[in-house]
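A.B. asks: following is a predicted model, sequence given first.
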Amino acid sequence: MQDPSDNHKISRLKKAHIAGQSLAREFYKDPEIYKTEIENLFLKHWLFAGHVSQIPNPGDFILCEFDTESVIVVRSKSDEIKAHINVCRHRGSKICLEKSGHKKHFSCPYHAWTYDLDGRLVSNNQMPEYFKPDENSLHQVHVQLVRGLIFICLAEAPLSLECLNEQTSEVFDLLELQNLKLAKKTSYPIAANWKLAVENYQECYHCAPSHKEFSRIHAMARPLEVFQKRKEEFNQVNPPGGLMTEINAYFDLARPGDEGFQYGRNPLVENMRSGSKDGSPLAPLLGKLPEYTGGASELMIGPLMYFLIYDDHMVGYRFLPLSQSECVCDIYWFVRSDAREGIDYDISNLTWLWDVTTKADQQIIENNQKGVNSRYYSSGTLSEMEHFLQSFLRWYLVALS
Ligand code: FES
Ligand SMILES: [Fe+2]
């Protein structure tokens, strides 16, 4: 139960927030605000758990973990993807300790209660006669697939993904996201509040000073007027529709009851074809794309999950809080399902750009947290290049309560 004085504190801080400024220190430091964020954001929105190609066979599983929660995402015997809360119904031990793998069943390491892939309790012993195993299945949470991308939601009544599926169908038909495979996943732990990591991802004001590699490839890192000129040229060459679809239903623009999402396409720097050291291709073209376009798509599903779709690979970014002062950024590199490692793509070339970029981000986000920890920190004025971050903050302040 939340203390009413916390609500009072949150409304006071919300009222005091000035549009166009960064958040007050309490938003990054106050434990009650963190608790409210978990309840109102992380337990209510869809979270990216992985791709179907990561669990191709019955019994294959991956965990999705944040704050105090752990969810087992598993392919069942009937080939469905299910999500079970990783907490034993006996005395609450965590059941599955490995982050991914294959199991015939899930056996609790404490007193060996055993659950099948559907989460049903199938083995326990020396229990009293009145004990009903069928009332002790693992708690399940919602699962939905968006073209092979697995999303889970811990809310009782999740936000709708229907609008997303309808509006993106043309572009997803072209890209065939269901026809991908995970080439590599790396977790980057960040000693900072999760919002500093998400805020950093929402703006490219820092790209020129902090990411020289990214700036060589992505036009977005250039000053606003240079980027806009390049985007106009790009839009003239590439007619609207298809890959060039623009959908803005993100953050505060999402329809009530719908999960927020956004899709758009931005140009790379002239003559660049992919996110490699010299802009040359990295892997076979995705889906039905006939040729390189010199652009990359930005896709956001829910407030915390982003995908950058080059013509020949897709990078997924997932931000999850571990505690108030620590979060993790998981990066996923996907290629076409038939691409052969070492022949059609090279892992170190494929992962180079976003590994070097995320390591630099890790550092700047942690420096940001150190400054916010100081008693001298106060809200600062945001730049014109931080308009997407401003949408995030507007949405966050409403979503918080
Ligand atoms: S806590 Fe799992 S079997 Fe006892
Ligand atoms: Fe960055």
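C.D. replies: Looks like it arrived, so ask away. Ligands and ions are numbered 1, 2, ... in the order given.
A.B. asks: quick one, helices of the stretch 1-150 of the chain?
C.D. replies: Using DSSP state H, counting those that start in this stretch, the helices of the stretch 1-150 of the chain run over residues 4-16, 26-29, 31-37.
A.B. asks: in CSV, list those along with mean pLDDT, distance to ligand 1 and mean neighbour count.
C.D. replies: In short, each C-beta sits where N, CA and C put it, glycine included. Output for these, formatted as CSV (pLDDT from 0 to 100; distance: least, C-beta to the nearest ligand atom, whole Å; neighbours: other C-beta atoms under 10 Å):
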stretch, mean pLDDT, distance to ligand 1, mean neighbour count
helix 4-16, 84, 32, 13
helix 26-29, 97, 35, 19
helix 31-37, 96, 26, 17
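A.B. asks: give me the most central residue, the protein.
C.D. replies: Met305 (2.3 Å; C-alpha atoms, centre = their mean).
A.B. asks: ok, and the closest non-adjacent residue to that residue?
C.D. replies: Phe48 (4.1 Å; C-beta to C-beta, 6 or more residues apart in numbering).
A.B. asks: what's the distance between the one you found and Pro56?
C.D. replies: The gap separating Phe48 from Pro56 is 18 Å, by C-beta to C-beta, to the nearest Å.
A.B. asks: give me the more crowded residue out of the two.
C.D. replies: Using other C-beta atoms under 10 Å as the criterion, Phe48 and Pro56 rank with Phe48 on top: 24 against 10.
A.B. asks: return the alpha-carbon coordinates of the one helix or strand in the chain whose mean pLDDT sits lowest using PDB.
C.D. replies: Lowest on mean pLDDT, DSSP states H and E among the helices and strands of the chain sits helix 4-16, with a mean of 84. As requested, the backbone C-alpha atoms of helix 4-16 are provided in PDB (Å, rounded to 0.1, in the frame of the first residue of the first chain):
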ATOM      1  CA  PRO A   4      -0.800   9.000   0.700                       C
ATOM      2  CA  SER A   5       2.000  11.500   1.600                       C
ATOM      3  CA  ASP A   6       4.000   9.900  -1.300                       C
ATOM      4  CA  ASN A   7       1.200  10.800  -3.800                       C
ATOM      5  CA  HIS A   8       1.300  14.300  -2.300                       C
ATOM      6  CA  LYS A   9       5.100  14.500  -2.800                       C
ATOM      7  CA  ILE A  10       4.800  13.300  -6.400                       C
ATOM      8  CA  SER A  11       2.100  15.800  -7.200                       C
ATOM      9  CA  ARG A  12       4.200  18.600  -5.600                       C
ATOM     10  CA  LEU A  13       7.200  17.600  -7.700                       C
ATOM     11  CA  LYS A  14       5.100  17.200 -10.900                       C
ATOM     12  CA  LYS A  15       3.600  20.700 -10.400                       C
ATOM     13  CA  ALA A  16       7.100  22.200  -9.800                       C
END
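A.B. asks: for the stretch 51-200 of the chain, what lies in contact range of ligand 1?
C.D. replies: The stretch 51-200 of the chain comes close to ligand 1 at residues Cys88, His90, Arg91, Gly92, Ser93, Cys108, Tyr110, His111, Ala112, Trp113, as judged by C-beta under 6 Å from any ligand atom.
A.B. asks: repeat the analysis, applying 5 Å as the threshold.
C.D. replies: Cys88, His90, Arg91, Ser93, Cys108, Tyr110, His111, Trp113 (C-beta under 5 Å from any ligand atom).
A.B. asks: who are the neighbours in contact with the second one?
C.D. replies: For His90, the residues meeting the contact criterion (C-beta atoms under 8 Å, 6 or more residues apart in numbering) are Cys108, Tyr110, His111, Trp113, Asn124, Asn136.
A.B. asks: now do 6 Å
C.D. replies: His111, Trp113 (C-beta atoms under 6 Å, 6 or more residues apart in numbering).
A.B. asks: going forward, the N-terminal residue is numbered 2.
C.D. replies: Got it, the first residue is 2 from now on, which makes the last one we talked about His91.
A.B. asks: quick check on it: phi, psi?
C.D. replies: phi -80, psi -80 (degrees, to the nearest 10).
A.B. asks: ok, the last one next?
C.D. replies: Main-chain dihedrals, Trp114, degrees, to the nearest 10: phi -60, psi 140.
A.B. asks: could I get the contacting residues of it?
C.D. replies: Going by C-beta under 6 Å, 6+ apart, Trp114 touches Cys89, His91, Asn125.
A.B. asks: adding pLDDT, write the residues you listed out as TSV.
C.D. replies: Output for the contacts of Trp114, formatted as TSV (pLDDT from 0 to 100):
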residue	pLDDT
Cys89	98
His91	98
Asn125	87
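A.B. asks: which one of the residues you listed is nearest Arg26?
C.D. replies: Cys89 (39.3 Å; C-beta to C-beta).
A.B. asks: just give me the neighbour total for the closest one.
C.D. replies: Here the count is done by other C-beta under 10 Å, and Cys89 has 21 residues near it.
A.B. asks: next, it: phi, psi?
C.D. replies: phi -70, psi 140.
A.B. asks: pretty sure it contacts Cys97?
C.D. replies: No - with contacts counted by C-beta atoms under 6 Å, Cys89 stays clear of Cys97, the gap being 10.0 Å.
A.B. asks: just to revisit the earlier point, next, format the helices of the stretch 2-151 of the chain as JSON lines and append distance to Ser380.
C.D. replies: Formatted as JSON lines, these follow (distance: least, C-beta to C-beta, whole Å):
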{"stretch": "helix 5-17", "distance to Ser380": "9"}
{"stretch": "helix 27-30", "distance to Ser380": "10"}
{"stretch": "helix 32-38", "distance to Ser380": "15"}
